[in-house]
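Student: Compute the structure for the input listed below.
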Amino acid sequence: MTSSARGWICAALERAGYHADGAASGPQGLAFAASRVYDALVVDQALPGLPGLEVLHALIDSDVLVPAVFVTGHGVARFRDRAIALGVVECLGKPIRFMPLVRAVDRAVCTTTSSSTGAAAFQTSKGHLVTRLAHTLVTTTEIARDELLRLLIRVVAHPRLSLTEFVTVSGVLRCVADAIDGAVGASFLTGLAESLKVKDTQSTNQLLDVFLGLLDRDLSACCLPIDELARKLGSQPLHLERACVPLNMTPAMCRTAYQMRRIVRALIEGPDEHVKQIAYQVGYRHPPNLTRAFRVYFGLPPQDFRSLWRGQACR
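Tutor: Numbering: from 1, shown residues only. Coordinates of the predicted model:
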């Protein structure tokens, strides 16, 4: 890997909210991995001194088990089976593009959530993303609207966002989506930065915890009227309303937020399912109603959300 390619990958990952160290050779990469804790590795077959597959072998022999993304300029199919057998999460061919690289690293980091240290690592990566977003808003004098939308979508799609964080970032996303196409100026960015300064509230209310747990695990609950949800919890609508006060939300707002989170996950994680299929999965009888509700909530239709997540232009 050339120094310019190494620098580009590190810069791309920093832009996506990660901290990245660049190794100039296979042996140096092994030394880094042995002396530091990483959430994921990007390993190039063309590393000087020790090819990528041999680096992966050496890591296993040293009991350094970190999910890896494998990169090669000599045909992915040629190396895929061997790389996957060595614990590689995804293989990328050259030239490397920004969004496929970031998605591959995101997937590798997700793999670490199967352990307690991995869960903490994913929490850290969320912090990187939020910090990156806040830094962009307060230091940038002008930014392309689509670029800011992509960053916001990466934050709002993060599985470790709390409910209040999700609602807050969704509101910022909606403001940017409603802005005029082109560049977003400094004064607008300052306003967005202020709107992000919402303190996350930890629940100490048992009814609220049970309510949010129900919405999280039961897809059908997101489609029930509030009075029926209250009965399901052995409570009353007024008590449920009061339980949600610490979040500065109503029960209906909580229900909608959980439903929108499910739609977001379906859009970015699954295959290229048509929005109609997703609508039926999350409980909409009439798919156009999902598109309208999603647009009201996020400021853009589901198809554009998915396109921006993938680094493509809006349709």
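Student: Strands of the stretch 101-250 of the chain, start to end?
Tutor: Applying DSSP state E, counting those that start in this stretch to the stretch 101-250 of the chain gives strands spanning 142-144, 183-185.
Student: hey, least reliable of the ones you listed by pLDDT?
Tutor: Lowest mean pLDDT within the strands of the stretch 101-250 of the chain: strand 183-185, a mean of 68.
Student: Mind listing what's buried along stretch 171-181?
Tutor: By 16 or more other CB atoms under 10 Å, the buried positions in stretch 171-181 come out as 171-177, 179. Where you see a C-beta, it was placed from the backbone N, CA and C, and this is true even at glycine.
Student: Check what contacts that stretch and list those residues.
Tutor: Around stretch 171-181, the neighbours that count as contacts under CB atoms under 8 Å, 6 or more residues apart in numbering are 145, 148-149, 152-153, 156, 184, 188, 191-192, 195-196, 297-300.
Student: Buried ones among those residues?
Tutor: If we count by 16+ other CB under 10 Å, the contacts of stretch 171-181 have these buried: 145, 148-149, 152-153, 156, 184, 188, 192, 196, 297-300.
Student: Out of these, list just those in helices.
Tutor: 145, 148-149, 152-153, 156, 188, 192, 297-298 (DSSP state H).
Student: Please give the element, helix or strand, for H74.
Tutor: For H74, there is no host helix or strand (DSSP states H and E).
Student: quick check, nearest of the buried residues of stretch 171-181 to P67?
Tutor: Distance to P67 across the buried residues of stretch 171-181 (CB to CB) is lowest for L173, with 28.7 Å.
Student: quick one: that closest one from G22, how far?
Tutor: Here L173 is placed at a distance of 32 Å from G22 (CB to CB, to the nearest Å).
Student: re earlier: closest to Y284 out of the ones in helices among the buried ones among the contacts of stretch 171-181?
Tutor: Of these, the one sitting nearest to Y284 (CB to CB) turns out to be Y297, at 13.4 Å.
Student: Now render the buried residues of stretch 171-181 as JSON lines, adding distance to D44.
Tutor: Listed next are those as JSON lines, based on distance: CB to CB, whole Å:
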{"residue": "G171", "distance to D44": "40"}
{"residue": "V172", "distance to D44": "36"}
{"residue": "L173", "distance to D44": "35"}
{"residue": "R174", "distance to D44": "40"}
{"residue": "C175", "distance to D44": "40"}
{"residue": "V176", "distance to D44": "35"}
{"residue": "A177", "distance to D44": "37"}
{"residue": "A179", "distance to D44": "39"}
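Student: which one in these is the model shakiest on?
Tutor: A179 (75).
Student: Could you list the low-confidence segments of the protein?
Tutor: Where the chain drops to pLDDT under 70, the residues are 1, 110-132, 134-136, 138-142, 180-184, 186, 195-204, 270-272, 311-315.
Student: Show me the contact partners of the one helix or strand A11 maps to.
Tutor: Per DSSP H and E, A11 falls inside helix 3-15. Outside of helix 3-15, the residues that reach it under the criterion CB under 8 Å, 6+ apart are 19-24, 42, 44, 96, 98, 101-102, 105, 132.
Student: and if we set it to 10 Å?
Tutor: 1-2, 18-24, 40, 42, 44, 46-47, 69, 71, 73, 94-99, 101-102, 105, 128, 132, 136, 147, 151 (CB atoms under 10 Å, 6 or more residues apart in numbering).
Student: For it, buried residues please.
Tutor: 5-6, 8-10, 12-13.
Student: Take those residues and lay them out in TSV including distance to D81.
Tutor: As requested, the buried residues of helix 3-15 are exported to TSV (distance: CB to CB, whole Å):
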residue	distance to D81
A5	25
R6	26
W8	28
I9	24
C10	28
A12	27
L13	26
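Student: Quick check: phi and psi on the residue lying closest to L47 once chain neighbours are set aside?
Tutor: Spatial nearest neighbour of L47, chain neighbours left out: G26 (4.1 Å); criterion: CB to CB, 6 or more residues apart in numbering. Per-residue torsions, G26: phi -60, psi -50 (degrees, to the nearest 10).
Student: and the gap between G26 and L53?
Tutor: To L53, G26 is 10 Å away according to CB to CB.
Student: Compare the two and say which is more crowded by neighbours.
Tutor: Applying other CB atoms under 10 Å to G26 and L53 shows that G26 carries more neighbours, namely 22 against 19.
Student: Would you map the helices across the stretch 201-315 of the chain?
Tutor: With DSSP state H, counting those that start in this stretch as the criterion, the stretch 201-315 of the chain has helices at 206-217, 226-232, 237-243, 251-269, 275-281, 287-298, 302-309.
Student: could I get these as a markdown table with distance to V167?
Tutor: Written out in a markdown table, the entries for those read as follows (distance: least, CB to CB, whole Å):
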| stretch | distance to V167 |
| --- | --- |
| helix 206-217 | 12 |
| helix 226-232 | 17 |
| helix 237-243 | 16 |
| helix 251-269 | 5 |
| helix 275-281 | 21 |
| helix 287-298 | 10 |
| helix 302-309 | 16 |
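Student: Thanks a lot, catch you later.
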